[in-house]
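Novice: Coordinates for the following, if possible.
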Amino acid sequence: MNEFFPVIDIEDVDPYPWTVLPPRSGATGPFEEWDDIQSWCREEAEDLWLDRELDPGPNGVDFVAGTLARCAEAFSPPGTDHWLFLHRDHPTDLPLPVLAAIGPSSRPREETLRALTLADDPSSVEPPVVKRFKSEHLGEGLTVFRYVSQEDSPHLLACVRYAWQVSEAGADVVIWTATEDVARIMQAAEDLENLARSLGIFMP
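Specialist: As a prediction, the model looks like this:
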């Protein structure tokens with residue numbers, strides 16, 4: 001990838017429902033946060049309690065910091081080049097992880113959008129819900145909601161994906177999340193949609 005390839009712009013993302021962890025590699029990573037992720041997670045945990053004007057008690061900061069650190073390692077292992085957005089309403093909520101990535105366009109637009117959103121996924125337990133989605137920054141894209149089964153669990157996974165092809169930048173952008181907790185993903189649906197509308201791209 002050439003050094004001038006577009007990268008994801010998070011400037012317009014609402015920080016209140018999201019804890020944002022930057023890529024560990026790629027055109028924009030690694031960020032200095034990864035130099036000491038434990039310290040960064042603790043600072044973020046303190047800010048979460050402060051922003052919501054809640055008393056963390058004797059263990060609240062440590063608990064949230066530990067949760068953030070585990071999410072960072074689970075969803076952004078070394079070498080990954082995507083952004084990680086952790087959604088929660090209360091500091092002690094189990095975060096809903098949402099990932100976002102960008103890459104060079106290489107296929108026709110409609111084919112790319114359906115592939116990135118898994119709109120034709122044969123493993124879906126019922127036909128995916130496919131909709132057009134308009135973003136001020138990225139233009140018209142596609143969003144798909146689907147259920148898939150899991151080999152090691154009796155519970156279905158609820159999956160949401162958004163994708164765009166930004167022709168003027170020669171870039172494809174995809175956002176994705178999945179969880180067994182269907183109520184959780186429904187609860188976060190508005191914030192997830194707002195996140196999708198907020199992301200942009202820029203040339204570094």
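
Novice: When you work out contacts or count neighbours from here on, use the C-alpha atoms and nothing else.
Specialist: Fine.

Novice: residue boundaries of the strands in this structure?
Specialist: For the chain, the strands defined by DSSP state E cover 7-9, 18-21, 83-87, 96-104, 129-135, 139-150, 153-166, 171-179, 200-202.

Novice: Using a markdown table, please lay out those together with mean pLDDT, distance to Ser39 and mean neighbour count.
Specialist: Listed next are the strands of the chain as a markdown table, based on pLDDT from 0 to 100; distance: least, C-alpha to C-alpha, whole Å; neighbours: other C-alpha atoms under 10 Å:
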| stretch | mean pLDDT | distance to Ser39 | mean neighbour count |
| --- | --- | --- | --- |
| strand 7-9 | 92 | 25 | 19 |
| strand 18-21 | 92 | 13 | 21 |
| strand 83-87 | 96 | 17 | 22 |
| strand 96-104 | 96 | 20 | 19 |
| strand 129-135 | 96 | 35 | 15 |
| strand 139-150 | 96 | 35 | 20 |
| strand 153-166 | 95 | 31 | 21 |
| strand 171-179 | 97 | 26 | 21 |
| strand 200-202 | 92 | 29 | 17 |
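
Novice: got a markdown table for these, with distance to Leu50 too?
Specialist: Putting the strands of the chain into a markdown table (distance: least, C-alpha to C-alpha, whole Å) gives the following:
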| stretch | distance to Leu50 |
| --- | --- |
| strand 7-9 | 26 |
| strand 18-21 | 14 |
| strand 83-87 | 17 |
| strand 96-104 | 21 |
| strand 129-135 | 32 |
| strand 139-150 | 34 |
| strand 153-166 | 31 |
| strand 171-179 | 27 |
| strand 200-202 | 28 |
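
Novice: among these, which is nearest Ala27?
Specialist: Closest approach to Ala27 among the strands of the chain (C-alpha to C-alpha): strand 7-9, 7.1 Å.

Novice: Most distant residue from the centre of this protein?
Specialist: Distance from the centre of the chain peaks at Pro58, with 30.6 Å (C-alpha atoms, centre = their mean).
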